[in-house]
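Novice: 3D model of this:
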Amino acid sequence: MMMTGTKTTTMSKSFITPDWPAPANVRALITTRQGGVSAAPYASFNLGDHVGDDPHHVAQNRADLSACLPAPPAWLTQVHGTTVLDAAIVCGAPQADASVGHLPGVVAVVMTADCLPVLLCDRAGTVVAAAHAGWRGLLDGVLERTVDAMAKPAAELLAYLGPAIGPSAFEVGDEVRQAFVAHAACAAEAFVASANTGKWMADLYLLARQRLHRVGVDAIYGGHDCTYSNADRFFSYRRDGVTGRMASLIWLA
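Specialist: This next block holds a predicted model:
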């Protein structure tokens with residue numbers, strides 16, 4: 001990771017470095033809400049340019065992030081879909097919810113504020129990917145599409161599940177549960193009846209693990225940081241409504 005000066009070094013202390021056995025040439029980081037210049041309610045390291053924050057603040061935060069990277073990230077306009085792009089040719093933030101990188105120095109990135117960011121690589125360190133997996137994307141197959149785009153045997157892949165809304169905070173309607181169970185009966189394990197509301201508490205992490213297991217990805221790490229319950233460290237759309245966005249990034253050195 002490139003570090004240029006005291007400011008960048010200090011800011012990087014607020015980043016999360018995934019704890020997974022990725023090859024040495026695979027680099028990854030996940031930002032938190034800490035260390036930037038944005039004012040409330042986007043305080044302070046907001047990277048989303050579509051949430052109403054001062055554009056100058058967003059630009060400064062993105063510039064500070066880029067100073068830690070080999071190149072500017074391949075930003076996407078995320079639409080809760082399943083489109084996967086080659087990060088090397090991303091230009092102008094096209095609509096997509098995942099990207100794949102095959103070349104050194106190409107930075108794949110997704111932004112989240114409750115949805116699940118999933119980072120992937122192969123054991124040989126030849127390909128990386130970042131996917132944005134909210135419940136709609138998970139249901140429609142964004143992780144399966146991302147694994148396919150990596151063009152490697154699934155058994156050779158590693159996955160890291162970044163910060164997302166946890167199972168004790170993510171309440172959904174019965175139509176969401178029914179849609180997942182219709183796809184795979186085992187998805188019922190990811191839903192617990194919510195007391196007195198007639199709704200369900202959904203476990204995004206378990207749903208993602210199930211989807212990855214079904215396509216043969218068994219080396220899955222992370223999945224323990226709840227964005228909703230940790231307001232000091234994470235943005236959460238479900239908790240705050242108007243809020244910033246964090247980034248999960250991965251690249252080959």
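Novice: ranges for the helices of the stretch 1-150 of the chain?
Specialist: If DSSP state H, counting those that start in this stretch is used as the criterion, the helices of the stretch 1-150 of the chain fall at 6-12, 55-66, 135-140, 142-150.
Novice: helix or strand: which one has the residue lying farthest from the centre of the chain?
Specialist: Centroid-distance maximum for the chain: N196 at 31.6 Å, with C-alpha atoms, centre = their mean. Following DSSP states H and E, there is no helix or strand that holds N196.
Novice: do a quick rundown of the strands in the stretch 1-150 of the chain.
Specialist: With DSSP state E, counting those that start in this stretch as the criterion, the stretch 1-150 of the chain has strands at 26-30, 84-86, 98-101, 108-112, 116-122, 128-133.
Novice: quick one on the thing from earlier: right, and the helices of the stretch 1-150 of the chain - which one's nearest G173?
Specialist: Nearest to G173 among these is helix 135-140 (10.6 Å), distances taken as C-beta to C-beta. C-beta coordinates here come from the backbone N, C-alpha and C atoms, glycine included.
Novice: now that closest one, how far from the centre of its chain.
Specialist: On the basis of C-alpha atoms, centre = their mean, to the nearest Å, helix 135-140 sits 14 Å off its chain's mean C-alpha point.
Novice: contacts for it?
Specialist: 80-82, 97, 115-116, 131, 143, 172, 176, 179-180, 183, 202, 204, 207-208, 211 (C-beta atoms under 8 Å, 6 or more residues apart in numbering).
Novice: make TSV out of the strands of the stretch 1-150 of the chain and add mean neighbour count.
Specialist: Below are these laid out as TSV (neighbours: other C-beta atoms under 10 Å):
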stretch	mean neighbour count
strand 26-30	23
strand 84-86	19
strand 98-101	28
strand 108-112	29
strand 116-122	28
strand 128-133	29
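Novice: tabulate those strands (CSV), appending distance to A247.
Specialist: Below are the strands of the stretch 1-150 of the chain laid out as CSV (distance: least, C-beta to C-beta, whole Å):
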stretch, distance to A247
strand 26-30, 7
strand 84-86, 16
strand 98-101, 13
strand 108-112, 5
strand 116-122, 8
strand 128-133, 9
